[in-house]
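Enquirer: need a structure here:
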Amino acid sequence: MTKADLILYNGKIHTVDEENPAANAVAVKDGKFIAVGSNSQLMEYTGAATRLIDLNGKRVVPGINDSHTHLIRGGLNYNLELRWDGVPSLADALRMLKEQVDRTPSPQWVRVVGGWTEFQFAEKRMPTLDEINAIAPDTPVFILHLYDRALLNRAALKAVGYTKDTQAPPGGFIQKDSKGEPTGLIIATPNAMILYSTLAKGPKLPYEQQMNSTRHFMKELNRFGITSVIDAGGGFQNYPDDYKIVDELHQKEQLTVRIAYNLFTQRPKQEHEDFENWIKTVKLHQGDEMYRHNGAGEMLVFSAADFEDFLEPRPDLPENMEAELEKVIRLLVENRWPFRLHATYDESIGRFLDVFEKVNRDIPFGDLHWIIDHAETITEKNIERVKSLGGGIAIQSRMAYQGEYFTDRYGADQAQHTPPVKRMLDMQVPVGGGSDATRVSSYNPWVSLYWLTAGKTVGGLRLYNENSRLSRETALNLYTKGSAWFSSEQDKKGTIKVGMLADLTVLDRDYFTVNDEEIKNIEADLTIVGGKIVYAKGDFSSFSPPPIPILPDWSPTLIYNGYYPGSNNLGTSAVNIKATKKDVVKNEQHLLLSRIHQCAGSCDVHGHNHNVARKSDIPLNNFTAFWGALGCSCFAF
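Expert: This next block holds a predicted model:
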């Protein structure tokens, strides 16, 4: 009998395999599952070199697969960015900003780039320009909120060269005061190009630090059980230059997340030439199971971009869109390249489908995998049209962050079906789950699963009723087996089954039994990719890979490390050896504050309403002061 490299036993394993839905143990050999079953059955695969790991009754699920994210771009910048993902109050966010301003050397910026919404804060508001300028009079600060606006302090306005004479690009707006000077607020109306282009003016990390940054971002994804992603390209993400980092990490066998990447057009009015050149130089699906090409998109032609800024009216796409899109679609289908297309509104989707059906009459799509991305307002009629052409729909948790804006504009009844996932599944259209991280939603998949199953935004607004919410099992299927279809790998990943890639995650709490609000707090205790442990904490910390130093030594990742509270609370081993004593002390203070003030509702210690304390003038972040010494500031109430 073949002996396993690794056996995990004594667990509660949800396999997402209809023929064998639950198990206690799995055996892995050469990166694949070779047995799935009971503890006694699997022990037969034990050999002299087999590593045995007791799961202690923990919940195990297949590795999470984000079918639409932006890992490559996010990795290049992760160590530059102060993440507000999950931060419970604006007071905490501004404290973090002040600490990072104090640590950031000139001419670098402090950047908060996506993954948060004003509704997650106890105060339910954005920071003001006055607050940001008071915190950072000299250090440039750029704060991006979704794809609707950005806040720049005076130092950032100077750094990017915005003056009273600066004109906004079409679809963008630069707010100016009574004297004609820029205030620091820039708005997508609704074209987000003004946001992308302004952010692109900031300093970049040098090559080696971009490699380090990408490794830390992948580790952060592993923290939440993510083992695979499909990278949807992105604005100002150029092929092949911006892919050199992941190429090299792949060659060095340092990738800890499987990446299938789509190529995003880069030159307006020259989109056909972009794809024509890539078809000649990039072999479809070139690469291997860790890093491979996946086709075209999510941007195919610039005229087809229907930006999802729900603070603004729905954009009408230009009349020339169909002609430009048809030219590219014909090229892709002729060469059997899978493609995906950003499409928020049903009105846009209908026009796109007109083009697809026209091309299909001449060049049948057949079994070509093609994708509509987002589809918040797609109707049943257009779902049926997607199905008839053999397409799939990739949905993301954007409404978890923008549901309040959508509801204000279109009403609660319309918001009930944004997107209509249950109807898609009833009509047997392939559906994959994703985030659209990092500049809109957070990369945390458990927030996405909370949104789908509890039916709420991160701000607590109830969007969906019983008829539109998903069961926890169905929602998880979208982020595992469902997403695999979108990279044509449904026969390789997404289930814990003999012969499939050995990707799984051991959760720190049971997704199927915790209350709804606890779903948002789920993390991985152990994440395995191809039978290799890439992340471990808690009871499994002895299996953790060696820590990676954090570069540069002023990086926000050194102190906060991503989603709040950051995983640096696992121990000082994650702290860069170049950190000063002051940095380490500040890190320890931050971690203590995180433990004291991590609740967003009532206080677990005293039973008081923590939001009251957050909105008060009492110094809730000073844990050495009178109220903090008693346990937390809400004790005052």
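
Enquirer: regarding the nearest residue to Lys58 once chain neighbours are set aside, what is its secondary structure?
Expert: Nearest non-adjacent residue to Lys58, counting by CB to CB, 6 or more residues apart in numbering: Val506, 4.9 Å away. Glycine gets a C-beta too; all of them are placed from N, C-alpha and C. Look at Val506: counting by DSSP: H, G, I helix; E, B strand; the rest coil, its state is strand.

Enquirer: what about Val506, neighbour count?
Expert: Residues lying near Val506 (other CB atoms under 10 Å) number 26.

Enquirer: tell me the pLDDT of it.
Expert: Looking at Val506, its pLDDT is 98.

Enquirer: repeat that for the one 10 residues further on.
Expert: Confidence per residue is given as pLDDT, and for Asp516 that number is 98.

Enquirer: check the one 5 residues further on too.
Expert: For Asn521, the pLDDT comes out at 96.

Enquirer: burial measure for it, as a count.
Expert: Number of residues near Asn521 (other CB under 10 Å) recorded here: 15.

Enquirer: mind listing what the residue nearest to Lys58 touches?
Expert: Shown in contact with Val506 (CB atoms under 8 Å, 6 or more residues apart in numbering): 8, 11, 55, 58-60, 524-527, 540.

Enquirer: ok, now Ile174?
Expert: Ile174 neighbours (CB under 8 Å, 6+ apart): 162, 166-168, 182, 185-186, 194.

Enquirer: in strands, which of these appear?
Expert: Using DSSP state E, 182, 185-186 are the members of those that sit in strands.

Enquirer: tabulate those residues in CSV, adding columns for pLDDT.
Expert: Listed next are these as CSV, based on pLDDT from 0 to 100:
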residue, pLDDT
Pro182, 98
Leu185, 98
Ile186, 98
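
Enquirer: of the residues you listed, which is the nearest to Ala4?
Expert: Ile186 (55.7 Å; CB to CB).

Enquirer: beta partners for that closest one?
Expert: Under DSSP bridges, the beta-bridge partners of Ile186 are Ala150, Ile174.

Enquirer: so it touches Met193, yeah?
Expert: No. Checked against CB atoms under 8 Å, the pair Ile186 and Met193 is beyond contact range at 10.7 Å.

Enquirer: ok, these two, which is more surrounded?
Expert: Neighbour tally, Ile186 and Met193, criterion other CB under 10 Å: the higher count belongs to Ile186, 26 against 19.

Enquirer: pull the contacting residues for that one.
Expert: Ile186 is in contact with 149-150, 152, 168, 172-175, 194-195, 198, counting by CB under 8 Å, 6+ apart.

Enquirer: repeat the analysis, applying 6 Å as the threshold.
Expert: Taking CB atoms under 6 Å, 6 or more residues apart in numbering, we find Ile186 in contact with 150, 174, 194.

Enquirer: can I get these in CSV with distance to Arg223?
Expert: Converted to CSV, the contacts of Ile186 look like this (distance: CB to CB, whole Å):
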residue, distance to Arg223
Ala150, 27
Ile174, 38
Ile194, 33
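
Enquirer: next, the nearest residue to Gln108 once chain neighbours are set aside: phi, psi?
Expert: Sequence neighbours aside, Pro203 is the residue nearest to Gln108 in space, at 5.7 Å (criterion: CB to CB, 6+ apart). Torsion angles at Pro203 (phi, psi; degrees, to the nearest 10) stand at phi -60, psi 150.

Enquirer: try the one 3 residues further on
Expert: Per-residue torsions, Pro206: phi -70, psi 160 (degrees, to the nearest 10).

Enquirer: okay, and the helix or strand of the chain with the least pLDDT?
Expert: Least confident helix or strand of the chain, by mean pLDDT, DSSP states H and E, is helix 626-629 with a mean of 40.

Enquirer: where along the stretch 251-400 of the chain do the helices fall?
Expert: In the stretch 251-400 of the chain, the helices defined using DSSP state H, counting those that start in this stretch lie at 271-281, 321-334, 346-362, 380-388, 398-410.

Enquirer: which of these sits most buried?
Expert: Highest mean neighbour count among the helices of the stretch 251-400 of the chain (mean count of other CB atoms under 10 Å): helix 398-410, with a mean of 22.

Enquirer: low-confidence ranges in the stretch 51-200 of the chain?
Expert: Along the stretch 51-200 of the chain, no part satisfies pLDDT under 70.

Enquirer: turn the helices of the stretch 251-400 of the chain into TSV, columns for mean pLDDT and distance to Thr227.
Expert: Conversion of the helices of the stretch 251-400 of the chain to TSV gives the following (pLDDT from 0 to 100; distance: least, CB to CB, whole Å):
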stretch	mean pLDDT	distance to Thr227
helix 271-281	97	27
helix 321-334	98	28
helix 346-362	98	31
helix 380-388	98	28
helix 398-410	97	22
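
Enquirer: for the residue nearest to Lys58, list each beta-bridge partner.
Expert: In this entry, Val506 is beta-bridged to Val60, Leu526, by DSSP bridges.

Enquirer: with adjacent residues omitted, what lies nearest to Leu129?
Expert: Gly184 (4.8 Å).

Enquirer: roughly how far does the one you found sit from Ile143?
Expert: Separation of Gly184 from Ile143 (CB to CB, to the nearest Å): 10 Å.

Enquirer: can you list residues touching both of the two?
Expert: In contact with both Gly184 and Ile143: Leu151, using CB under 6 Å, 6+ apart.

Enquirer: returning to that earlier point: export the ones in strands among the contacts of Ile174 to a markdown table and tack on distance to Leu80?
Expert: What follows is the ones in strands among the contacts of Ile174, written out as a markdown table (distance: CB to CB, whole Å):
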| residue | distance to Leu80 |
| --- | --- |
| Pro182 | 23 |
| Leu185 | 22 |
| Ile186 | 19 |
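
Enquirer: which of these sits closest to Asp426?
Expert: Ile186 (41.9 Å).

Enquirer: now for the contacts of Ile174: which two are most distant?
Expert: Spatial extent of the contacts of Ile174 (CB to CB) is set by the pair Gln167 and Leu185 at 15.6 Å.

Enquirer: so for those two, which residue has more residues nearby?
Expert: Ranked by neighbour count (other CB under 10 Å), Gln167 and Leu185 place Leu185 first, with 16 against 7.

Enquirer: what about the more buried one, distance to Glu123?
Expert: Per CB to CB, Leu185 is found 19 Å from Glu123.

Enquirer: Lys537 now?
Expert: Using CB to CB, we find Lys537 at a distance of 31 Å from Glu123.

Enquirer: swap in Ser541?
Expert: For Ser541, the distance to Glu123 - CB to CB - is 36 Å.

Enquirer: mind listing the helices for the stretch 451-600 of the chain?
Expert: Counting by DSSP H, counting those that start in this stretch, the stretch 451-600 of the chain has helices at residues 472-477, 483-484, 516-519, 556-559, 581-597.
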